[in-house]
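A.B. asks: Got a predicted structure plus its sequence, pasted below:
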Amino acid sequence: MIVATSATSWARPGLAVAGTVVAAVTIFVSVAVPWARVPRQLQLIPPVLFLSAMLTLIAAARTGFGLPFMMMAVLPLMWLAIYEARWTVISITTLTGLALWLVTPGGHDASPSATNVVVVVFVVCAVGMGYALQGMVADTRRVARELREQRAAFENAAMMLDVLPELVSRFRLPDHVITYCNAAWAAQYNRTPGNAVGQPLEAFLSDDELAGLSSQLTLLGPDAPVLEDTAERAVAHHPGQWLHWIDRYLVGAHGDEILSIGRDVTARHNAEAELAASEARYRELADNAADVVWRFALEPTPHFDYISPSVEGILGYPPSYFLEDFGRMLEILDESGRAAIGRAFNGEQVLGRFDFRFRHADGSTIIGETRTATVRGGMQGVSRDVTELRRLQATVAALALRDPLTGLANRRLLEELLDAELARTQRNGSTLAIAFLDLDGFKSVNDSYGHECGDIVLCETAHRLLDVVRDTDTVARVGGDEFVIVYEPNDSNSRHLIERVERALSTPIKITATEVAFCPASIGVAETSTVGHNRVALLAEADRAMYQQKRAKVLRAGRGGEAAR
């Protein structure tokens, strides 16, 4: 267009050359420079330069508005509108109109009034076109940006789904054709995602999975959009592998679809199977054990969740009797057992090993040795019937403190009881006495008639001593033919006790059908009022007094060692 314009048409040839050069340079630079890498503000330079070139050419033209450069001045304004800089377009358009008004009055073909009208029309048209174009470009770019963002989000979501270990697929509800699957799903069935999409789902699933799918699809719908498969499914082509599926009902523009997510639960399935087998083995052991094995839970209310059948053989009640109501167990416990359980529930006591006393169905008392352990939410333990064992232990304990021949207290029990009585009488200021007895002539009975007859003498002596003392007094056998009586001499019932003992032992004892033995006792007495509240000193003083009396008897009788021990 510049070349086609004759040289005589230019009113200012110098400006024409300058405008031409600026336009050419602008076109070259706009093509050569990678503007996508240039900051957005600098990208405004080419359209502004091109607009300046057009204004320069308009100013250089002789015919003013008749030249086509006026129309070309609109191009950079439209170019500027692409940058969505609305106020920039309006400002530059206004300045362009002002520049046209300044440069065109020198023309020969237009009057000043016509020039003003054309400038106003140009400005209005340029502003309107720029404003409309800017809006269109802005909307187009916004839509394009949203599409790019959505595509990026979709690609990111697809990438994230591909790195998930879960199996994700999507299929149409009417024909079960796969519309999407992630890499894990495709790899599970030895496919690539591209090969799997478009194929029917039935081509990949095992019979077990198909059964699960059928049951899921009968329940899925708008009213139940999310459904978890209640069973773990075996996988086709992978023996021993188990998957757990969750399905979601989707309403789409092109028909309803199902989104399925599967998780490999092989490790959990095998662990649960092993646990179930182990529990079955231990339950079999517990069910056949002689002891009662039980498990107790606190929530939602205290109850047994297991108790072995052996409870019926021990307590006389079937397991169901206690499984139905834990309170029934409390009802057959004694008071101390109920109190111990209450403290355990409140965290005040750890039972560990404890003897409970139960009331058997027949009314008898059963002692159950119970070992407990605290578990989450409750307790578990083992109980065994130790009724006979505890009876035997009590018998053994009694034998350890009693003389096996006479049943009297032995020396060990005497010392324990004597210490307790000394402490008591010392506190209340009363007097305690000890009578130490040694049977006279006992050795002769043993030597003449044998030890069986000697045992008869000892048992009869013990019986006679118990008859003359109070119930609160202590009688002990501390040696072969030595006895000790612990009593309170100032008690009204203990007065003249020694005389009663001497009379009781002075009566002959029948040792055979035709023979009797005469074994009176030498008695030595010691009291706390003279010796003090010391057990050793008190026994020693009574023993000394007893031997002193025995020697006196020997001297009076004029006999030698026959009466001595």
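C.D. replies: Sure thing, it's come through.
A.B. asks: what's the longest strand in the chain?
C.D. replies: strand 238-252 (DSSP state E).
A.B. asks: Bridged to residue 264, which residues?
C.D. replies: Beta-bridge partners for residue 264, by DSSP bridges, are residue 243.
A.B. asks: Same check on residue 170?
C.D. replies: Bridge pairing for residue 170 - DSSP bridges - gives residue 180, residue 259.
A.B. asks: Quick one: neighbours of it, just the number.
C.D. replies: 18 (other CB atoms under 10 Å). Heads up, the C-betas are built off the backbone N, CA and C, glycines and all.
A.B. asks: wouldn't it be in contact with residue 261 here?
C.D. replies: No. Contact between residue 170 and residue 261 fails when scored by CB atoms under 8 Å: they sit 10.0 Å apart.
A.B. asks: which other helices and strands contact the longest strand of the chain?
C.D. replies: helix 207-219, strand 226-228, strand 233-235, strand 255-264, helix 266-287 (3 or more CB pairs under 8 Å, 6 or more residues apart in numbering; DSSP states H and E).
A.B. asks: just for the stretch 51-200 of the chain, where's the confidence low?
C.D. replies: Confidence mapping of the stretch 51-200 of the chain against pLDDT under 70 gives the ranges 62-94, 96-141.
A.B. asks: Please apply the same query to the chain.
C.D. replies: Ranges of the chain meeting pLDDT under 70: 1-10, 35-36, 40, 62-94, 96-141, 236-237, 253, 282-289, 557-565.
A.B. asks: Can you spell out the domain ranges of this structure, please?
C.D. replies: Here the domain parsing of the chain from automatic domain parsing is 7-141, 165-269, 289-390, 403-557.
A.B. asks: quick one, which of those is nearest to residue 280?
C.D. replies: Proximity to residue 280 (CB to CB) singles out domain 289-390 among the domains of the chain, at 12.7 Å.
A.B. asks: Now residue 338: closest residue in space, sequence neighbours ignored.
C.D. replies: residue 330 (5.6 Å; CB to CB, 6 or more residues apart in numbering).
A.B. asks: my guess is that neighbour is in a strand, correct?
C.D. replies: No. According to DSSP: H, G, I helix; E, B strand; the rest coil, the state of residue 330 is helix, so it is not within a strand.
A.B. asks: and it, how many neighbours?
C.D. replies: Residues within reach of residue 330, counting by other CB under 10 Å, total 13.
A.B. asks: next one: the one 10 residues further on
C.D. replies: Burial measure for residue 340: 19 neighbouring residues, criterion other CB under 10 Å.
A.B. asks: can I assume it is in contact with residue 353?
C.D. replies: No. With contact defined as CB under 8 Å, residue 340 does not reach residue 353; the gap is 11.6 Å.
A.B. asks: got the domains of the chain as CSV, with distance to residue 151 columns?
C.D. replies: Output for those, formatted as CSV (distance: least, CB to CB, whole Å):
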stretch, distance to residue 151
domain 7-141, 15
domain 165-269, 15
domain 289-390, 51
domain 403-557, 96
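A.B. asks: one step back: pick the most deeply packed of the helices and strands packed on strand 238-252.
C.D. replies: strand 233-235 (a mean of 20; mean count of other CB atoms under 10 Å).
A.B. asks: can you give me how far that one is from the chain middle?
C.D. replies: Centroid separation between strand 233-235 and its chain, computed with CA atoms, centre = their mean, to the nearest Å, is 30 Å.
A.B. asks: For it, which strands pair with it and how are they oriented?
C.D. replies: Looking at strand 233-235 with DSSP bridges, what it pairs with is strand 238-252 (antiparallel).
A.B. asks: Can you tell me the centre-most residue of the chain?
C.D. replies: With distances taken as CA atoms, centre = their mean, residue 376 lies nearest the centre of the chain, 7.8 Å away.
A.B. asks: where does that one fall, phi/psi-wise?
C.D. replies: When read as degrees, to the nearest 10, the backbone of residue 376 gives phi -60, psi 120.
A.B. asks: what does the longest strand of the chain rub up against?
C.D. replies: By CB atoms under 8 Å, 6 or more residues apart in numbering, the residues outside strand 238-252 that reach it are 167, 170, 188, 209, 212-213, 216, 220-222, 224-229, 232-235, 256-266, 269.
A.B. asks: Return the distance of that strand from the chain's centre.
C.D. replies: On CA atoms, centre = their mean, the centre of strand 238-252 falls 29 Å from the chain's centre.
A.B. asks: Could you tell me the angle between it and helix 207-219?
C.D. replies: 20 degrees (axes from the mean of the first three to the mean of the last three CA atoms, to 10 degrees).
A.B. asks: buried residues in strand 238-252?
C.D. replies: If you call a residue buried by 16 or more other CB atoms under 10 Å, then strand 238-252 has these buried ones: 241-245, 247, 249.
A.B. asks: Equivalent analysis for stretch 540-550, please.
C.D. replies: So for stretch 540-550, counting by 16+ other CB under 10 Å, buried means 541-543, 545-547, 549-550.
A.B. asks: Rebuild these as a markdown table, extending it with distance to residue 56 and secondary structure.
C.D. replies: Below are the buried residues of stretch 540-550 laid out as a markdown table (distance: CB to CB, whole Å; DSSP: H, G, I helix; E, B strand; the rest coil):
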| residue | distance to residue 56 | secondary structure |
| --- | --- | --- |
| 541 | 146 | helix |
| 542 | 147 | helix |
| 543 | 148 | helix |
| 545 | 152 | helix |
| 546 | 152 | helix |
| 547 | 154 | helix |
| 549 | 158 | helix |
| 550 | 158 | helix |
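A.B. asks: so which of those residues comes closest to residue 445?
C.D. replies: Closest to residue 445, out of all of the buried residues of stretch 540-550 and judged by CB to CB, is residue 550, at 16.5 Å.
A.B. asks: which residue packs closest to that closest one, ignoring adjacent ones?
C.D. replies: Closest to residue 550 by CB to CB, 6+ apart is residue 522, at 3.9 Å.
A.B. asks: my read is that neighbour is in a helix, agree?
C.D. replies: No. Remark: residue 522 does not belong to a helix; assigned using three-state DSSP, it is strand.
A.B. asks: Report the contact partners of it.
C.D. replies: Listed by CB under 8 Å, 6+ apart, the contact partners of residue 522 are 437-438, 440, 546-547, 549-550, 553.
A.B. asks: do residue 401 as well
C.D. replies: 409-410, 412-413, 416.
A.B. asks: Next one: it from residue 233, what distance?
C.D. replies: Per CB to CB, to the nearest Å, residue 401 is found 72 Å from residue 233.
A.B. asks: One more: residue 218?
C.D. replies: Relative to residue 233, residue 218 is positioned 16 Å away (CB to CB).
A.B. asks: same thing with residue 489?
C.D. replies: Taken as CB to CB, the span from residue 489 to residue 233 is 94 Å.
A.B. asks: which SSE is residue 185 in?
C.D. replies: Residue 185 belongs to helix 183-188 when assigned by DSSP states H and E.
A.B. asks: Show me what the following helix or strand past that helix is packed against.
C.D. replies: Using DSSP H and E, the next helix or strand after helix 183-188 towards the C-terminus is helix 193-196. Applying 3+ CB pairs under 8 Å, 6+ apart, one finds that helix 193-196 contacts strand 178-181, helix 183-188.
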